[in-house]
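Visitor: Requesting a structural model of the entry that follows:
(4 chains)
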Protein chains: 2
Amino acid sequence: MITAAVKHTGHRHPRPRSAAIVDDIIAQLSQQGYRDTEPRRLVINAAAAQRRPFTAEELCAALPCVGRATVYRGLRLLVETEQVCRVLLEDRELRYQLSHQGHHHHLLCAACGASADLANCDVDALLQEAAATAGFQMSGHWLEIYGRCADCAVV
Amino acid sequence: MITAAVKHTGHRHPRPRSAAIVDDIIAQLSQQGYRDTEPRRLVINAAAAQRRPFTAEELCAALPCVGRATVYRGLRLLVETEQVCRVLLEDRELRYQLSHQGHHHHLLCAACGASADLANCDVDALLQEAAATAGFQMSGHWLEIYGRCADCAVV
DNA sequence: TATCCAACTGATACGGAGTATCATAATGAT
DNA sequence: ATCATTATGATACTCCGTATCAGTTGGATA
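Guide: I've put the predicted structure just below:
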């Protein structure tokens, strides 16, 4: 019998630090009835390796041995299960990044492409209220914030 | 000599109420060096005739005698000159609608497709501040609000 | 550990949305 | 009326994402 700790993952080297993330996501997917497959792991792993919001095509390029459709399907599944969130750039380019828990918005740096999470912000409540004033039942929203991060800020 | 009031616009019937809007927009474009052309007027007129945010393809369909590229170019020009604003639906479909002055956001009804303007809302200030707290210089944002308008509200 | 079905994959084709190209036409300043 | 500039329209093209479908794989079951 092979225990989880000893089980090979296909890597000859020590498991990268992203392996835990992959396992965690795979576990959550399994719980929801989705299978643990090699291509799916590769997609999650590649997504976790990104340091910036990335495009689906970038993932495809990073995973030449995984079919394009599979990459797209994998991303879609991850978005649906809220493991990954979608980010919209100013030019409407769609990018992705791993979710870091709960509802939040993104501060997107136009200079370096970095993304910072904006949590603990009561925009939602404000919008809900403003919408209600107009007799509108708000059910959702899309908000992206553009500018420059601390590192790229113009002095 | 033909005065502006008498000048024919190609209509045999009384000028539709949108004609004033078209003239106004054309005037603003002229001021910026853009020409007053028939296809461009047709695009503006068709845009003004819409009651809901519309897609570029819908305009194309409504203007079979105007080239598709021209419709797209016209819309792009109108967006650049801020005569028309872009609206993003939840499924990322891009729509357009005439601008109604100043910065504002849209309340988009998922049931009937209507759009209401949300003005006099200090979201911007709130975001600016929240972003600054994270050391982020905000330069812009994209915000769309989804839900149900007063008419379509679920009781 | 053998069986089996549902889920998954990958190659491919397809479709929609928007843009580039370029020869021709129209505008409006002179 | 002339003429340089801008605009148009037909078309081809790119890009992004999805549908299709035959073949494969995962993992539940016994």
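Visitor: what about the closest residue to DNA strand D within chain A, which SS state?
Guide: Across chain A, no residue is closer to DNA strand D than A:Asp36, which sits at 3.4 Å (C-beta to the nearest atom of the strand). Yep, even glycine has a C-beta here, placed from its N, CA and C like the rest. What DSSP: H, G, I helix; E, B strand; the rest coil gives for A:Asp36 is coil.
Visitor: Could you double-check that it lies in contact with A:Ile26?
Guide: Yes - judged on C-beta atoms under 8 Å, A:Asp36 makes contact with A:Ile26 at a distance of 5.2 Å.
Visitor: Neighbour count: those two, which is higher?
Guide: A:Ile26 (19 against 11; other C-beta atoms under 10 Å in any protein chain shown).
Visitor: Can you classify that one as helix, strand or coil?
Guide: Once three-state DSSP is applied, A:Ile26 turns out helix.
Visitor: thought it was touching A:Ile44?
Guide: Yes - counting by C-beta under 8 Å, A:Ile44 is a contact partner of A:Ile26 at 6.9 Å.
Visitor: In chain A, mark out all the strands, start to finish.
Guide: For chain A, the strands defined by DSSP state E cover A:84-88, A:94-98, A:105-109, A:115-118, A:137-148.
Visitor: Is any residue of the fourth one near chain B?
Guide: If I follow you right, that is strand A:115-118. Yes - interface with chain B: strand A:115-118 contributes A:Ala116, A:Leu118 (C-beta under 8 Å from any C-beta of the partner chain).
Visitor: In its sheet, which strands sit next to that strand, and in what direction?
Guide: Applying DSSP bridges, strand A:115-118 is found paired with strand A:105-109 (antiparallel).
Visitor: list the buried ones in the strand it pairs with?
Guide: Buried residues in strand A:105-109, counting neighbours by 16 or more other C-beta atoms under 10 Å in any protein chain shown, are found at A:His105, A:His106, A:Leu107, A:Leu108, A:Cys109.
Visitor: list the contacts for the nearest residue to A:Ala130 once chain neighbours are set aside?
Guide: Leaving aside its sequence neighbours, A:Ala130 sits nearest to B:Cys121 (C-beta to C-beta, 6 or more residues apart in numbering or on different chains; 4.7 Å). By C-beta atoms under 8 Å, 6 or more residues apart in numbering or on different chains, the contact list for B:Cys121 reads A:Leu126, A:Leu127, A:Ala130, B:His104, B:His105.
Visitor: Can you check the pLDDT for the closest residue to A:Arg35 other than its chain neighbours?
Guide: Distances taken as C-beta to C-beta, 6+ apart place A:Leu29 nearest to A:Arg35, at 7.9 Å, with adjacent residues excluded. For A:Leu29, the pLDDT comes out at 97.
Visitor: give me the number of residues near A:Arg86?
Guide: For A:Arg86, the neighbour count with other C-beta under 10 Å is 17.
Visitor: so it makes contact with A:Tyr96?
Guide: Yes - at 5.9 Å, A:Arg86 counts as touching A:Tyr96 under the criterion of C-beta under 8 Å.
Visitor: which residues are in contact with both of those two?
Guide: Residues within reach of A:Arg86 and of A:Tyr96 at once, by C-beta under 8 Å, 6+ apart, are A:Val79.
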